[in-house]
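# Based on what follows, work out the 3D shape:
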Amino acid sequence: MRHEHQYPLFSEPWMIALIIIGLVLLVAGLIWLLHRKTVASNGLTPLERKNLSFQECEIHSMVRQHGGPLRQDRLIDELPSDSVDLAEVILEVENKGLIKREWKSDVGTYMVSPLLKVW
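Numbers count the residues shown, from 1 in each chain. Down below sits the predicted model:
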């Protein structure tokens, strides 16, 4: 007489599906943890912090954390520096492809939006 070893726990289709879902969740959690380590609380990656000046980091971080369009005059009001200097830095950040500015005549200022750029 022949004895076969059966693993009843793994023979059910729902149990196999549950194991696969668990593995997918585990991988997703690991990816999330790795991503969380690369992005600081200011929303910038280590490479962005390395390649941008302090003022560029501040501007890019504020725009990115705001998410949607932000009034340029509000951005300048909230940063501690001369408005002319900040306007030049905002233009530099735009030229680097990190933000987009669009003139809105109805509010009399630029609306600044974040752009996704992979370094």
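
# Give me the distance between the closest residue to residue 70 other than its chain neighbours and residue 30.
Nearest residue to residue 70 in three dimensions, chain neighbours excluded: residue 112, at 5.0 Å (Cβ to Cβ, 6 or more residues apart in numbering). To be clear about C-beta, it is placed using only N, CA and C from the backbone, and glycine gets the same treatment. Using Cβ to Cβ, to the nearest Å, we find residue 112 at a distance of 35 Å from residue 30.

# more neighbours, these two?
A direct count of neighbours by other Cβ atoms under 10 Å for residue 112 and residue 30 places residue 112 higher, at 24 against 10.

# Checking that one next. Helix, strand or coil?
Assigned with DSSP: H, G, I helix; E, B strand; the rest coil, residue 112 falls in the strand class.

# just residue 34 next, same as before
With three-state DSSP as the basis, the three-state label of residue 34 is helix.

# Counting neighbours, what do you get for it?
Using other Cβ under 10 Å, residue 34 has 9 other residues around it.

# Which pLDDT does the model give it?
In this model, residue 34 is scored at 73, pLDDT.

# Show the contacting residues for it.
By Cβ atoms under 8 Å, 6 or more residues apart in numbering, the contact set of residue 34 is empty.

# How much space separates it from residue 45?
Distance, residue 34 to residue 45, using Cβ to Cβ: 12 Å.

# With residue 83 instead?
To residue 45, residue 83 is 28 Å away according to Cβ to Cβ.

# what do you get for residue 62?
16 Å.

# Compare these two (neighbour count), which wins?
Neighbours of residue 62 and residue 45, each counted by other Cβ under 10 Å, are more numerous for residue 62; the result is 19 against 14.

# residues near the nearest residue to that one once chain neighbours are set aside, how many?
In space, and not counting its chain neighbours, residue 62 is closest to residue 75: 6.1 Å by Cβ to Cβ, 6+ apart. Neighbours of residue 75 under the rule other Cβ under 10 Å: 21.
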